[in-house]
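Just need the structure, nothing else, for what follows:
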Amino acid sequence: MSTLLREQPIDSLKGVGPKLRDRLSEAGIATLEDLLFHFPLRYQDRTRITPIAQLRDGADAIVSGVVRASGIIPGRRRTLMVKVADDSGLMTLRFFHFRQTQAKQFTSGAHITVFGQVRRLGESVEMAHPEYRIDESEALLEPSLTPVYPTLEGIGQTTWRRLCAQAITALRQNPPEELLTALSLGGPSIKDALIFLHQPPPAADLAAIRSLVHPAQLKLAQEELLAHQLAIQEMRAQAQTLAAPKVGGDDALIDRWLNTLPFSPTQAQRRVDREIAVDMGRPWPMMRLVQGDVGSGKTLVAALAALRAIHAGYQVALMAPTELLAEQHLRNFSQWFDALGIHIVWLSGKVKGVARASALGALGDGSAQLIIGTHALFQEQVQFCQLGLVIVDEQHRFGVHQRLSLTEKSPTDLRPHQLVLTATPIPRTLSMVAYADLDCSVIDELPPGRTPVKTALIDAGRRDQVITRVGEACQSGRQAYWVCTLIEESEALQAQAAEVTATQLAEALPHLRVALIHGRLKSQDKESLMQRFQAGEIDLLVATTVIEVGVDVANASLMIIENPERLGLAQLHQLRGRVGRGRAESHCLLLYQTPLSHTAKTRLQVMRDSHDGFWIAEKDLEIRGPGEMLGTRQTGLMQFKVAQLPEHAALLDDLPELANQLKKRDPESAQRLTHRWARHRQAYAHV
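Predicted structure coming up:
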């Protein structure tokens, strides 16, 4: 971008005073360049008049005609109705909020031009609260498609259009720099692409724009993704300039521990362990993501990494997003490591008083070798003696800065290694962007003995039959989960509440031992319930999605999920993974409410048809998009201006090589490209 546009402040534009300048600055718009990269969400076609007979339901359109009649319909909500006709037909305008003087404007025979969204009801055509002009037939017509911008409270579309039009005028006078000429990628110029997206001509291919495949969008998306790739490569290069504990070679402790286990690691676990061992043996921080489907054994891999760091004399911090999952890690690691004499400390928000002081003291003096906890590990009072490895489970549940803040708690100049675990398979296209700062390992093999879970979709109208089936399964010696999506009754969401469901099931199945678990229970109560369920003292556990991760009960072979249409595919797949952990045939019944939307039906059919978490994740990305998949805490990186996934996934494969070429041939352009697109975006990861 030209220096003028990059440096010209937004308040140099006509109509931008201090108040509007400050409001725009809050959204990261401080210069004309920022404004040019604030792209429309969609477009309205105000370039032509459409005959009434050709109006399509749901479309925005301009209609020009004559008022045939008007009147106020009395009732609880008075409505102003106006009949408008042209040579092709008749339509109705409805106004629910109007003044008497406004009603008098619509005199019979007056010429009127209206713009609004069309609603077809059988043969009738309506617009509610359209824009209109009386006796000004050309007033609503525009020379180009009308952009609709993302907005802020207090800033209307008229203001956005006026400001962006001024920025486009400046752009025409000061063409921006073409930064990818060294790569000869072709396509429209950056200037033409920007002008097109702010002011598409009347003949623009709206279908291509909506599908995000117009050449102007592809040009800008490629630039944006390439700028992101350059920024990630720079972050990784910076990481390798930092010093980290060099954890090496002696596997005596690991061999001793593996010999105590009643099973052997899978080949996939051994492969990922070798990748981690190589990383930890380097003098810069490991930044590795381990993906594995539900039940693939990520915790074992994390334990091997922890042993390496502890054997080398360093402390390890393991952080989980919920107390239930953190407590399960505490149980597993205690069972595994107690015989090795490893001192484990537990820290959560509920650890108070003497116990908290003791835990913090053990961390500070180095006697604690492994600390397991929740968000409490971020607290300022938590200080380590010699932190060498940070393990973060279920990364997508944490904000990025939370993960990174743990790595800053080492009191020495050495940065700890990072190991990030996720049981939510991440589509390759998404991981290439969202987790590009991490090396990725995949545990693509399940331990022997795991049986595929059979999944069925069942209408909630057959609920009584499902209850009978649960009773029969539990009487035969199996255990079952019944998952609800709410804790308390909610008419608005029309979902069965866990508390109500637990009561109903206990009444319907009096011969079963029914219990209820949810996130509002005290930690010790949840722990007690899960121990009783694992011990076989509870037949049917009614639960919220608190059991989504970390619960392992081999005898549980049946899961009912109510209102599955309210959950994402990744969450449903996680929940389903709670059964099928033993050798008995297991089933998951998705008890859905009718009618189902097309999207909900598609998602549930994906669950029924596949057990491949990575394929399910790809489908989840197609259906929901990256923002929802990653969660609101992870969307900082994904707030691209033009680029979208999966629509622009085809552009990703060439990015690393293109970035390397550009840095080699024209390093100054590479820096300017990153600045153009990424300077306001909060870096997804830094070291």
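
Now the element after the helix or strand of the chain with the lowest mean pLDDT, going C-ward?
Of all the helices and strands that make up the chain, helix 626-630 has the lowest average by mean pLDDT, DSSP states H and E, namely a mean of 51. Scanning forward in sequence from helix 626-630 by DSSP states H and E, the next helix or strand is helix 655-665.

What is the distance between that next one and the centre of its chain?
Relative to the centre of its chain, helix 655-665 is centred 29 Å away, using C-alpha atoms, centre = their mean, to the nearest Å.

Buried residues, that helix. List them.
L655, L658, A659, L662 (16 or more other C-beta atoms under 10 Å). (Glycine included, C-beta is placed from N, CA and C.)

Closest to G281 out of those?
Closest approach to G281 among the buried residues of helix 655-665 (C-beta to C-beta): A659, at 27.4 Å.

In contact with the nearest residue to the closest one once chain neighbours are set aside: list those residues for me.
Nearest residue to A659, sequence neighbours excluded (C-beta to C-beta, 6 or more residues apart in numbering): Q229, at 4.5 Å. Going by C-beta atoms under 8 Å, 6 or more residues apart in numbering, Q229 touches A436, L655, P656, L658, A659.

A helix includes Q229, no?
Yes - under DSSP: H, G, I helix; E, B strand; the rest coil, Q229 falls within a helix.

circling back to that earlier point, of the contacts of Q229, which pair is most distant in space?
A436 and L658 (14.0 Å).

what residue ranges in the stretch 151-300 of the chain score low on pLDDT?
249 (pLDDT under 70).

Pull the distance from the helix or strand containing L20 to the chain's centre.
According to DSSP H and E, L20 maps onto helix 18-26. With C-alpha atoms, centre = their mean as the basis, helix 18-26 stands 29 Å off its chain's centre.

Any chance you could list what contacts it?
P9, I10, D11, V16, A30, L35, L152, G154, I155, T159.

cutoff 10 Å now
9-13, 16, 29-30, 34-35, 38, 152-155, 159-160, 163 (C-beta atoms under 10 Å, 6 or more residues apart in numbering).

can I get the contacts of Q229 in TSV with distance to I372 and pLDDT?
Below are those laid out as TSV (distance: C-beta to C-beta, whole Å; pLDDT from 0 to 100):
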residue	distance to I372	pLDDT
A436	29	72
L655	38	87
P656	36	87
L658	43	92
A659	39	91
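
which of the residues you listed lies closest to Q605?
A436 (31.6 Å).

Cross-check the contact I'm expecting between that closest one and I426.
No - if you go by C-beta atoms under 10 Å, A436 and I426 don't touch, sitting 11.4 Å apart.

so what secondary structure elements neighbour the strand ranked longest in the chain?
Longest strand in the chain, counting residues (DSSP state E): strand 60-73. Under the contact criterion of 3 or more C-beta pairs under 10 Å, 6 or more residues apart in numbering; DSSP states H and E, strand 60-73 touches strand 42-44, strand 79-85, strand 90-95, helix 100-103, strand 111-121, strand 124-128, strand 131-134.

And those: which comes nearest K619?
Comparing the helices and strands packed on strand 60-73 under C-beta to C-beta, the one sitting nearest is strand 42-44, at 25.5 Å.

Would you report the backbone torsion angles of the residue lying closest to L505 once chain neighbours are set aside?
What sits nearest to L505 in space, not counting adjacent residues and going by C-beta to C-beta, 6+ apart, is V514, at 5.4 Å. Backbone torsions for V514, taken as degrees, to the nearest 10, come to phi -110, psi 140.

Neighbours of V514, how many?
23 (other C-beta atoms under 10 Å).

Can you show me the strands along the stretch 351-500 of the chain?
All strands of the stretch 351-500 of the chain, identified by DSSP state E, counting those that start in this stretch, fall at 370-373, 387-393, 417-422, 439-443, 453-459, 479-483.

between the third one and strand 387-393, how many degrees?
Relative orientation of strand 417-422 versus strand 387-393 (axes from the mean of the first three to the mean of the last three C-alpha atoms, to 10 degrees): 10 degrees.

what sits against R676?
M1, R6, E33, F37, P176, E177, L179, I190, E223, E224, A227.

ok, the fourth one - contacts?
Same thing as F37. 1, 28-29, 31, 167, 194, 197, 220, 224, 641-642, 676-677, 680.

quick one, phi psi at it?
Dihedral angles for F37 - degrees, to the nearest 10 - are phi -100, psi 20.

buried sites along the helix or strand hosting R274?
In the assignment (DSSP H and E), R274 maps to helix 267-280. By neighbour count on 16+ other C-beta under 10 Å, the buried set for helix 267-280 is A268, Q269, R271, V272, D273, E275, I276, A277, D279, M280.

Perfect, that will be all.
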